[in-house]
Every structure is written in C-alpha cells, then in structure tokens.
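Colleague: Coordinates for the following, if possible.
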Amino acid sequence: GDHVCAAGLCWRRRRRPRHAASDRALCFPERSLSDHDELFELVGIPMAEDKYNEYPFKLSGGQRQRVMIAMSMACEPKLLIADEPTTALDVTIQAQVLELMNDLKRKKGTSILFITHDLAVVAQMADEVIVMYRGHVVEQASVKELFENPKHPYTKALLNSIPIPGKVKRKSRLDTVDENVNYLDFPKEIR
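Modeller: Residues are numbered from 1 along each chain as shown. Down below sits the predicted model:
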C-alpha cells in the first residue's frame, strides 16, 4: 500500500476489506519489526505487535504519547524537544510519562528540552529554566535559583499563582505584569 509519513512516523495504508479492524499499520521507516518491538518496549508499550494495526483513536492518551516518544527515539536523537508532553493527561499517566522521559534521559543520554506552562513539571524535570514573556527570554536560572529567588516580575507572578494547600490567598485581583515592560531595564544576567 501507499505510505503517509510525518515526523518519522509512517502510516501504511493497506488494501484490504473495509470490515477489517484497521486499514493502517504503524511503521518506522527503514526499521524492522523487531526494532519496532524494541522501541515500544523502551517506552513501556506491552504486546507491541497488537498495537501496529490500531487506529490512533483506539489507543489511550498515555499510549499515544508513548508512541510519539518511541517515534522520536527511533532516530536516536541527542536532543528531544518535548512541547507540552503531558498536557491533557491525567495525573497518574502524566507521572508515568515524566518517569519514562527521565529513564530515557538516563539510559540513552538524550537531553530533553521541555516546553511547558506546568511549574510542577518544571520543578520535577528541569535542571535549567528559561522563562519567556511575550516572546522574549526574560529570565534564565537553575531550577533551585528560579524557585527560590525569581528576578523578573512575570516569573514572580507565575510562582505566586501556584496554589499552596492549606493557604488561602484572598486577593481582589490577579497579579499582573506591566504590559510595557522594558526588557533593557533588567539586570544583564536576566535579560
């Protein structure tokens, strides 16, 4: 059949009856089925051979995310860019995906660039943090330094937005950051 490929993933259209469970099969270009099994095992998808003929909508959110990670790892990258990898996953699946990514980082020596708005993910996964505001880098620091001593008003507002159990914040309005922040007015180390 013909192939439809994107980002290293290839959906192979098969010519078979419409009543078949699926007319697509997951494949990784230039890889054997044993390589597929290895990649699926690497990301914690059991019985990989059962998943090859599944439509994506038949996989759970966590399984789809694991397939995406397997696709990303197929090329054995030195840097994996993860843009909101845990968005829309429930908390238990989110924890599993983050643990998986930490395992991959250790086992494969892959660096991971996380793009996220979730400060809990930042605290758990990052060594170094870059904060962007209105399309500009406004602060860069280690996780510890950023959480203990934020410099930029936007970073402070982000950290103040974290709910703290048992502590009720009673504010009449949300923290805001001046829309006309002049980036040149900040100390050189945080520009």
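Colleague: Where does the prediction get shaky in this protein?
Modeller: Within the chain, the stretches with pLDDT under 70 are 1-35, 48, 52, 168-191.
Colleague: how about the helices in this structure?
Modeller: Per DSSP state H, the chain carries helices over the ranges 33-42, 48-51, 61-73, 91-108, 119-125, 143-148, 153-160.
Colleague: Save these as TSV, and put in distance to Val137 too.
Modeller: Yep, even glycine has a C-beta here, placed from its N, CA and C like the rest. Below are those laid out as TSV (distance: least, Cβ to Cβ, whole Å):
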stretch	distance to Val137
helix 33-42	33
helix 48-51	40
helix 61-73	25
helix 91-108	23
helix 119-125	15
helix 143-148	13
helix 153-160	11
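Colleague: Between the ones you listed, which one is closest to Met132.
Modeller: Minimum separation from Met132 across the helices of the chain (Cβ to Cβ) falls at helix 153-160, 8.8 Å.
Colleague: picking that back up, out of the helices of the chain, which is closest to Ala82?
Modeller: The nearest among these, by Cβ to Cβ, is helix 91-108 at 6.8 Å.
Colleague: Using PDB, write out every CA atom in the closest one.
Modeller: Extracted C-alpha coordinates of helix 91-108, given in PDB (Å, rounded to 0.1, in the frame of the first residue of the first chain):
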ATOM      1  CA  VAL A  91      -2.100  13.000  36.800                       C
ATOM      2  CA  THR A  92      -1.100   9.300  37.100                       C
ATOM      3  CA  ILE A  93      -0.400   9.000  33.400                       C
ATOM      4  CA  GLN A  94       1.400  12.300  33.500                       C
ATOM      5  CA  ALA A  95       3.700  10.900  36.200                       C
ATOM      6  CA  GLN A  96       4.400   7.800  34.200                       C
ATOM      7  CA  VAL A  97       5.300   9.800  31.100                       C
ATOM      8  CA  LEU A  98       7.600  12.000  33.000                       C
ATOM      9  CA  GLU A  99       9.300   9.000  34.700                       C
ATOM     10  CA  LEU A 100       9.600   7.400  31.200                       C
ATOM     11  CA  MET A 101      11.300  10.600  29.900                       C
ATOM     12  CA  ASN A 102      13.700  10.700  32.800                       C
ATOM     13  CA  ASP A 103      14.500   7.000  32.200                       C
ATOM     14  CA  LEU A 104      15.200   7.700  28.500                       C
ATOM     15  CA  LYS A 105      17.400  10.600  29.500                       C
ATOM     16  CA  ARG A 106      19.500   8.300  31.800                       C
ATOM     17  CA  LYS A 107      19.500   5.200  29.600                       C
ATOM     18  CA  LYS A 108      20.100   6.900  26.200                       C
END
